[in-house]
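K.L.:
I'll drop the sequence and a predicted model, then ask my questions.
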Amino acid sequence: MEKIVFVIPDMPGGGTERVVALLANEYSRRGIPVAILLFAGNEKAYPLDSRIEVVSVGAPSGGSLSERLGRLRRMRRFYRENRNCQIWAFSAMGAVFSAVAAFGQKHFFLVSERNDPTRYEHRQIRDLCYRRAKVVVCQTVDGLKSFPAGIRRKSVVIPNPLEPKEEPYTGEREKRIVAVGRLNAQKNHKLLLRAFAAFAKSHSGYVLELYGQGELEAELRALAAELEIDKNVIFKGFSSHVLSDIRAAAMYVLSSDYEGISNSMLEAMALGLPVIATDCPIGGSRMYIRDGENGFLVPVGDKEALARAMGRLAQNPALGERLGAEAVKLRDELATAKIADRFLSLTGGNNE
C-alpha cells in the first residue's frame, strides 16, 4: 500500500488540521502508511496515531528566500526517499511547494482546497501548480466553480469529515453563546461582539465565550471594553476538548466573512447545538444549514440580523431544540469513515 503524505504548514488548532488528523488516524487504523509533512512549523495540537510519521521540513519563513529554498530541498529529499508515496496537499502553499519539490518525480498528487479560492493572492501561481495535480478536491460547488475550466474538469466536491466524541446534549441549556475559530479578520469576531452587545441590552445573564487564539485578541478585548460587555465576554483560548466545553451552550455562532466549510460549525451541529452562521462565500454554511429548519443563516456583516437571530433562540428554547435535533442528522452523513472512503476512491483504488 502506498504511503499517503498529508502536506500542511503546521498543526496548531484549526479546521484544516482537524480534518487532516481525522483522515490520517482513520487511514492509519486501516493499516495504510501515513505521514504528515509540516513545512512551516512543528506543532501537533490534535492526537495522532502513534504509527503516523510526522516530519517538519521548515519553520515559518517570514519572507526569507533562503528559508524557502531550504524547505524545498528538504521536501524534495523526503519525496525522493518516499518515491512511491502519494502527495495530498491540504494547503494552497503546500501544493505550490510540493509541485516544485516533486518536479520530475512520479507521485499521485492530490490537492484539497480548504478555503475560499477567490481570496488567494497569487492565483496564477496557485493555478499553475494545481494543474499538476491529478485531482483537486473542493469543499463546495461554489468553490469548484471559481477555478479555471482546466482545473474544474479535474475537480470534485467532498465535504469535511465529522467524528464527534461527545453525544448530543439533551438537558437545559446554559446562558452561554459560543464561537470557535482563530481570532483573525476572516472570522469577523468584531461583528459578533457588536451583535452580542445589541443582544445583551434585552437579554441579561448571557456570556459570550470565544474559543481560539489569534493576532486580533488584543483588539477584540479592547472592543469588548469599548462596548461595555467585557465582563460578559470570555476569551477561552485553544481547547483540545472544545466539544465537551461547548455542548451545553445555548447557541453556537459563526460570524465569518468567508469560509470553505467551518469544521467547528459542523461539529456544533452534530452535537445538537442551535447554530447561527453567516451565509458567507463559498457557500459552506448554506450547503448544510437549511435556514429555519436545522439552523439560522444571516447575511455577512449584518449586525442587526445576527442579534435578532440570537434573540429568537434566547426567547424560544423549544425552537433551538428543534433546530438542534435536525442538525444532529449530519453525524451519519459526514462520518469520517465515509469521507475517507471518498478520498481513497480518487486514487484509483491503490490503497484499498
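P.N.:
Received the coordinates, thanks.
K.L.:
Report the next helix or strand after the helix or strand containing residue 218 in sequence order.
P.N.:
Assessed by DSSP states H and E, residue 218 sits inside helix 217-226. Taking DSSP H and E as the definition, the helix or strand that follows helix 217-226 towards the C-terminus is strand 233-237.
K.L.:
for stretch 292-299, which positions count as buried?
P.N.:
294-298 (16 or more other Cβ atoms under 10 Å). C-beta: built from backbone N, CA, C; applies to glycine.
K.L.:
so can I have CSV of these showing secondary structure and pLDDT?
P.N.:
Formatted as CSV, those follow (DSSP: H, G, I helix; E, B strand; the rest coil; pLDDT from 0 to 100):
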residue, secondary structure, pLDDT
294, coil, 97
295, strand, 98
296, strand, 98
297, strand, 98
298, strand, 98
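K.L.:
ok, these vs residue 316, which is closest?
P.N.:
Minimum distance to residue 316 across the buried residues of stretch 292-299 is 11.8 Å, recorded for residue 296 (Cβ to Cβ).
K.L.:
quick one: that closest one and residue 254, what's the gap?
P.N.:
Taking Cβ to Cβ, to the nearest Å as the criterion, residue 296 is separated from residue 254 by 10 Å.
K.L.:
What of residue 225?
P.N.:
Following Cβ to Cβ, the distance that separates residue 225 from residue 254 is 24 Å.
K.L.:
So if I had to pick from these two, which one is more boxed in?
P.N.:
residue 254 (26 against 12; other Cβ atoms under 10 Å).
K.L.:
For that one, which non-adjacent residue is closest in space?
P.N.:
Distances taken as Cβ to Cβ, 6 or more residues apart in numbering place residue 277 nearest to residue 254, at 4.0 Å, with adjacent residues excluded.
K.L.:
May I have the strands that pair with the helix or strand hosting residue 211, each with its orientation?
P.N.:
In this structure, residue 211 is located in strand 207-211 according to DSSP H and E. For strand 207-211, the pairing partners within the sheet under DSSP bridges are strand 174-180 (parallel), strand 233-237 (parallel).
K.L.:
So which residues make contact with the helix or strand following the shortest one?
P.N.:
Moving toward the C-terminus from strand 233-237, the first helix or strand encountered (DSSP H and E) is helix 242-246. By Cβ atoms under 8 Å, 6 or more residues apart in numbering, the list of residues contacting helix 242-246 from outside reads 164-166, 176, 178, 180, 209, 211, 236, 239, 252, 264, 267-268, 271, 273.
K.L.:
Check stretch 21-35 too.
P.N.:
Contacts of stretch 21-35 with the rest of the structure, by Cβ under 8 Å, 6+ apart, involve 1-6, 11, 36, 46-49, 51-55, 82, 85, 161, 163, 336-337, 339-340, 343-344, 351.
K.L.:
still on that earlier bit, please name whichever of the strands paired with strand 207-211 is nearest to residue 317.
P.N.:
Proximity of the strands paired with strand 207-211 to residue 317 was assessed by Cβ to Cβ; the nearest stretch is strand 174-180, lying at 10.8 Å.
K.L.:
still on that earlier bit, please name whichever of the strands paired with strand 207-211 is nearest to residue 318.
P.N.:
Closest to residue 318 of the strands paired with strand 207-211 is strand 174-180 (Cβ to Cβ; 16.2 Å).
K.L.:
which residues are contacting that closest one?
P.N.:
187, 189, 192, 196, 205-212, 242, 245-246, 248-255, 264, 268, 273, 310.
K.L.:
And those, which of them are buried?
P.N.:
Judged by neighbour count, with 16+ other Cβ under 10 Å as the criterion, the buried members of the contacts of strand 174-180 are 187, 189, 192, 196, 206-212, 242, 245-246, 248-255, 264, 268, 273, 310.
K.L.:
The host helix or strand of the residue nearest to residue 254 - what's its average pLDDT?
P.N.:
Here residue 277 is covered by strand 275-278, with elements defined by DSSP H and E. Averaged across strand 275-278, the pLDDT comes to 98.
K.L.:
now the buried residues of stretch 292-299 in TSV, with distance to residue 71?
P.N.:
TSV is the format used below for the buried residues of stretch 292-299 (distance: Cβ to Cβ, whole Å):
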residue	distance to residue 71
294	43
295	41
296	43
297	40
298	41
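K.L.:
what ranges do the helices span in the stretch 1-150 of the chain?
P.N.:
Secondary structure of the stretch 1-150 of the chain by DSSP state H, counting those that start in this stretch: the helices cover 15-29, 65-81, 92-101, 123-130, 141-145, 149-152.
K.L.:
Which stretch among these approaches residue 305 most closely?
P.N.:
It's helix 141-145; of the helices of the stretch 1-150 of the chain, that one is closest to residue 305 (Cβ to Cβ) at 20.9 Å.
K.L.:
What would that closest one look like as PDB? C-alpha coordinates only.
P.N.:
Output in PDB follows, covering the C-alpha atoms of helix 141-145 (Å, rounded to 0.1, in the frame of the first residue of the first chain):
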ATOM      1  CA  VAL A 141     -19.800  23.600  -5.600                       C
ATOM      2  CA  ASP A 142     -19.300  27.400  -5.500                       C
ATOM      3  CA  GLY A 143     -15.600  26.800  -4.700                       C
ATOM      4  CA  LEU A 144     -15.200  24.500  -7.600                       C
ATOM      5  CA  LYS A 145     -16.800  26.900 -10.000                       C
END
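K.L.:
how many neighbours does residue 303 have?
P.N.:
Around residue 303 sit 19 other residues, with neighbours defined as other Cβ under 10 Å.
K.L.:
for residue 125, same thing?
P.N.:
The local packing count at residue 125 equals 14, with neighbours defined by other Cβ under 10 Å.
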